[in-house]
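Asks: below: sequence and its predicted model.
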Amino acid sequence: MKKKAFLINGIILTLSSLAGRFLYMGFRVWLSQMIGAEGMGAYQLILSVFLPAVAISTAGVSLTVTRLVTNAMGKQQSETIPSAVARCFGFSLLMSLIACTALWCSADFLSDKFLGGNSADALRMLLPGLPFMALSSCMRGYFLAVRGVLRSAASEFAEQLATISLTVFAFLAFSPQTIADACLLSMLGATVGEAVSCGCSFVLYRLHVRRFKSPKNRPCTGAGKAILHITLPSTLSHAARSVLSAAENLLIPLGLRKCGATAKAALAQYGMLQGMVMPMLFFPSCFLGAFASLLIPEMSESLAAGKNRSISSGTERSLRMTLLFSIFTACFFFAFGEELGVLFYRSREAGQLLQILAPLVPLLYLDMVTDGLLKGLDQQTHSLLYNTLDASLRVSMMAVLLPVLGMKGYFIILYSCGILNVTLSLSRLLKTAQVRFRLFQWLIFPFFLSAGCTVLGKFLPLPETSTWWGLSIVLALCTSGYGVLLQLFRPFLQKRKG
């Protein structure tokens with residue numbers, strides 16, 4: 001029954017995430033056509049500067065709520081749940097107000113030094129959304145703990161719908177003539193979207209939390225300790241990593257200019273990479289992201305109950321499925337990246353970048369799932385340390401390589417740091433869960449199956465793959481063939497040695 005509930009929740013989250021990703025990708029495509037690659041670069045730079053404030057406001061609190069609620073239900077102490085969530089509300093609001101104040105005061109400086117001097121208003125437009133994001137993060141953790149994934153999915157979908165609708169309406173109504181004005185309207189849409197999401201989440205939370213209220217309600221004595229143990233270290237680490245990530249994003253156009261590109265060309269290259277290619281690269285991860293988030297409470301419960309065998313089998317199954325999916329995705333992006341770039345963005349260059357970065361997909365997806373498993377196993381400190389180390393190395397290498405090698409240097413950084421981060425995180429997970437990595441069964445053999453299917457799809461006499469219809473047929477055939485082969489070799493792929 002528990003496995004069935006996990007599967008149902010996973011399907012709900014996957015479908016909602018898929019719908020949200022389609023909306024988001026459609027919005028990105030529309031926005032890139034409205035403001036161009038240079039405008040997308042400015043848009044991404046503003047968001048990158050905003051991310052440290054988001055980390056301070058939200059990082060760790062969702063995990064803390066999930067762990068507190070899960071532990072309370074496991075110990076039959078559900079009467080402490082409202083108090084636990086309320087304390088996390090207070091902490092996250094306090095942190096969001098601190099972040100708001102700091103970014104409001106430094107907006108002009110950041111705009112003048114790093115964003116071209118016309119972005120302070122757009123940056124400040126995002127700040128009212130921080131308290132809403134903080135509260136939403138707490139409620140997302142609650143919904144995850146009580147397996148109320150449909151409520152969380154509904155709130156996130158409402159946010160995306162409100163953000164996209166308002167932004168499109170604002171562009172049609174005001175017809176922005178400059179990149180600065182376009183960014184300002186886009187940030188207004190994002191802020192309103194966060195407010196809508198928080199309102200929906202709060203209504204659903206209040207309706208659901210009633211079942212835990214009783215005349216015997218008592219305060220959660222472990223909330224303060226959990227905030228110190230989970231939220232505070234996570235907040236500080238995420239904030240440090242976000243600052244490094246912002247520095248990384250700011251260094252990209254700066255390094256490209258030092259390598260010989262004009263300011264406009266450097267911003268356009270950055271916008272194409274971060275605003276067009278990366279969202280497409282992460283798009284299929286919605287099929288894994290839903291289950292990765294559900295693994296946190298599942299692993300947390302197994303850890304609390306001492307079910308080591310369940311932890312090992314769940315970890316092994318998660319890693320195997322992640323690699324089977326991500327390797328095929330990488331092969332498809334590599335084979336048909338150019339066609340995807342033309343279809344989505346009318347840009348052959350974007351498609352070529354997608355092909356270059358396609359081998360990153362298994363690293364990115366494996367890191368996402370591994371991170372969720374480590375958090376569920378109370379190893380979040382190690383995960384954050386590895387991520388902070390990764391971000392520090394990226395910034396250091398960018399300062400050295402980008403001015404000399406340009407985009408080639410950036411690709412070297414992405415691959416080398418990605419391999420290091422996954423190696424560290426995966427090693428910790430395998431040791432904690434007592435699982436042995438099966439190189440041939442999980443990595444090498446699936447690669448040959450995936451490559452065979454995509455190469456066959458590339459050279460079969462099929463309809464023109466530069467059209468939506470033709471590429472959809474190719475994707476369906478490649479996916480079906482890969483699925484059939486996986487079923488044929490399933491006993492081998494799941495075989496345990498020793």
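Replies: Happy to help now that I have it. Numbering: from 1, shown residues only.

Asks: let me see the contact set for the closest residue to residue 383 other than its chain neighbours.
Replies: With sequence-adjacent residues excluded and distances taken as Cβ to Cβ, 6 or more residues apart in numbering, residue 383 is closest to residue 374, at 4.4 Å. To be clear about C-beta, it is placed using only N, CA and C from the backbone, and glycine gets the same treatment. By Cβ atoms under 8 Å, 6 or more residues apart in numbering, the residues touching residue 374 are 380, 382-383, 425, 428-429, 432.

Asks: may I ask which helix or strand encompasses residue 374?
Replies: Element membership of residue 374, judged by DSSP states H and E, is helix 361-376.

Asks: off-centre distance for that helix?
Replies: What separates the centre of helix 361-376 from the centre of its chain is 10 Å, taken as Cα atoms, centre = their mean, to the nearest Å.

Asks: alpha carbons of that helix, as PDB, please.
Replies: Extracted in PDB, the C-alpha atoms of helix 361-376 (Å, rounded to 0.1, in the frame of the first residue of the first chain):
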ATOM      1  CA  VAL A 361      22.800  15.400 -18.400                       C
ATOM      2  CA  PRO A 362      23.700  12.200 -16.500                       C
ATOM      3  CA  LEU A 363      25.900  14.200 -14.100                       C
ATOM      4  CA  LEU A 364      23.200  16.900 -13.500                       C
ATOM      5  CA  TYR A 365      20.400  14.400 -13.000                       C
ATOM      6  CA  LEU A 366      22.400  12.000 -10.900                       C
ATOM      7  CA  ASP A 367      23.500  14.900  -8.700                       C
ATOM      8  CA  MET A 368      19.800  16.000  -8.200                       C
ATOM      9  CA  VAL A 369      18.700  12.500  -7.100                       C
ATOM     10  CA  THR A 370      21.800  11.900  -5.000                       C
ATOM     11  CA  ASP A 371      21.200  15.200  -3.200                       C
ATOM     12  CA  GLY A 372      17.600  14.200  -2.300                       C
ATOM     13  CA  LEU A 373      18.700  10.800  -1.000                       C
ATOM     14  CA  LEU A 374      21.500  12.400   1.100                       C
ATOM     15  CA  LYS A 375      19.000  14.800   2.700                       C
ATOM     16  CA  GLY A 376      16.600  12.000   3.500                       C
END
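
Asks: tell me the mean pLDDT over the helix or strand that that helix is followed by?
Replies: For helix 361-376, the succeeding helix or strand toward the C-terminus, using DSSP H and E, is helix 380-405. The average pLDDT within helix 380-405 is 86.

Asks: so the helix or strand just after helix 380-405 versus helix 380-405, what angle?
Replies: Following helix 380-405 in sequence order, the next helix or strand is helix 407-433 (DSSP H and E). If you take axes from the mean of the first three to the mean of the last three Cα atoms, to 10 degrees, helix 407-433 sits at 160 degrees to helix 380-405.

Asks: packing partners of helix 407-433?
Replies: If contacts are counted by 3 or more Cβ pairs under 8 Å, 6 or more residues apart in numbering; DSSP states H and E, helix 407-433 sits against helix 232-258, helix 308-345, helix 348-357, helix 361-376, helix 380-405.

Asks: if we can go back for a sec, gap between the residue nearest to residue 383 and residue 83?
Replies: 28 Å (Cβ to Cβ, to the nearest Å).

Asks: report the buried residues of stretch 343-352.
Replies: Buried positions in stretch 343-352, judged by neighbour count with 16 or more other Cβ atoms under 10 Å: 343-345, 347, 349-351.

Asks: ok, so of the residues you listed, who is nearest residue 127?
Replies: residue 345 (30.4 Å; Cβ to Cβ).

Asks: shouldn't the closest one be in contact with residue 276?
Replies: Yes. Assessed by Cβ atoms under 8 Å, residue 345 is found in contact with residue 276 at 5.3 Å.

Asks: spit out the residues that contact those two alike.
Replies: In contact with both residue 345 and residue 276: residue 32, using Cβ under 8 Å, 6+ apart.

Asks: rewinding a little: got TSV for the buried residues of stretch 343-352, with distance to residue 137 and pLDDT too?
Replies: Shown next, in TSV, are the buried residues of stretch 343-352 (distance: Cβ to Cβ, whole Å; pLDDT from 0 to 100):
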residue	distance to residue 137	pLDDT
343	35	86
344	30	85
345	32	84
347	35	84
349	37	89
350	32	88
351	35	90
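
Asks: may I see those residues organised as TSV, with distance to residue 90 added?
Replies: Listed next are the buried residues of stretch 343-352 as TSV, based on distance: Cβ to Cβ, whole Å:
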residue	distance to residue 90
343	48
344	43
345	44
347	47
349	49
350	45
351	48
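
Asks: now the two most distant members of those.
Replies: 343 and 349 (13.8 Å).

Asks: quick revisit: okay, the helices and strands packed on helix 407-433, which one's buried deepest?
Replies: helix 361-376 (a mean of 24; mean count of other Cβ atoms under 10 Å).

Asks: heading C-terminal from the helix or strand in which residue 480 is found, find the next helix or strand.
Replies: Assigned by DSSP H and E, residue 480 falls within helix 468-488. Going down the chain from helix 468-488, the next helix or strand is helix 490-493, by DSSP H and E.
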